[in-house]
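1. Prediction below, plus the sequence it came from.
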Amino acid sequence: MSDLLYQSDDFDDEDQPLNAPHSDEFALTENFEYVTNSLSIRIFKGSYRHAKINDKVFEIGDIEMPFDSHNGVLRVQVKCHWYKWKPKHSYIHVKLDGNWQLLSNHSGEVSRNFRQARLLP
């Protein structure tokens with residue numbers, strides 16, 4: 001696992017997971033939060049731990065250099081969780097696999113967590 005993940009105190013509910021999967025290609029974003037005048041990014045095509053990101057907005061991490069390249073792939077650090085877990089000393093690194101748009105003063109909803117897709121009955 002590239003990032004060590006730790007339980008987050010950012011959620012009020014009691015159903016904190018005991019384990020988060022290393023990857024999940026079907027994971028979805030949830031826990032949308034309203035932000036005001038935030039540096040954010042709209043990702044038209046991206047991924048995190050094999051979960052596909054299509055036209056979602058994330059708040060960019062509060063660090064000097066949120067963008068980097070790893071194995072030739074552009075990434076950005078965003079304030080989001082993986083199954084209510086997060087890296088202890090950084091933000092999650094989302095891969096930018098296609099187009100994206102920087103939103104310098106975004107006011108609106110941002111994604112805060114990836115979760116397991118629920119099966120329909």
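-> That came in fine, so what should we check first?
2. show me the residues around the residue nearest the centre of the chain that make contact.
-> Nearest residue to the geometric centre of the chain (CA atoms, centre = their mean): residue 80, 3.8 Å. Going by CB atoms under 8 Å, 6 or more residues apart in numbering, residue 80 touches 29, 48, 58, 59, 86, 91, 92, 94, 111, 112, 113, 114. In short, each C-beta sits where N, CA and C put it, glycine included.
3. Just name the closest of those residues to residue 76, please.
-> residue 94 (5.6 Å; CB to CB).
4. and that closest one, bridged to which residues?
-> For residue 94, the beta-bridge partners are residue 76 (DSSP bridges).
5. Please determine how far it is located from residue 118.
-> Distance check for residue 94 against residue 118: by CB to CB, to the nearest Å, it reads 22 Å.
6. Equivalent analysis for residue 34, please.
-> Where residue 118 is concerned, residue 34 sits at a distance of 24 Å (CB to CB).
7. and what of residue 51?
-> In this view, residue 51 and residue 118 are 14 Å apart by CB to CB.
8. Compare these two (neighbour count), which wins?
-> More crowded of residue 51 and residue 118, by other CB atoms under 10 Å: residue 51, with 20 against 8.
9. OK, contacts around the closest residue to that one other than its chain neighbours?
-> Closest residue to residue 51 apart from its sequence neighbours, by CB to CB, 6 or more residues apart in numbering: residue 27 at 3.8 Å. Residue 27 makes contacts with 49, 51, 82, 83, 114, 115, 116, 117, as judged by CB under 8 Å, 6+ apart.
10. And the pLDDT for residue 27?
-> Here, the pLDDT recorded for residue 27 equals 93.
11. Equivalent analysis for residue 87, please.
-> With respect to pLDDT, residue 87 scores 86.
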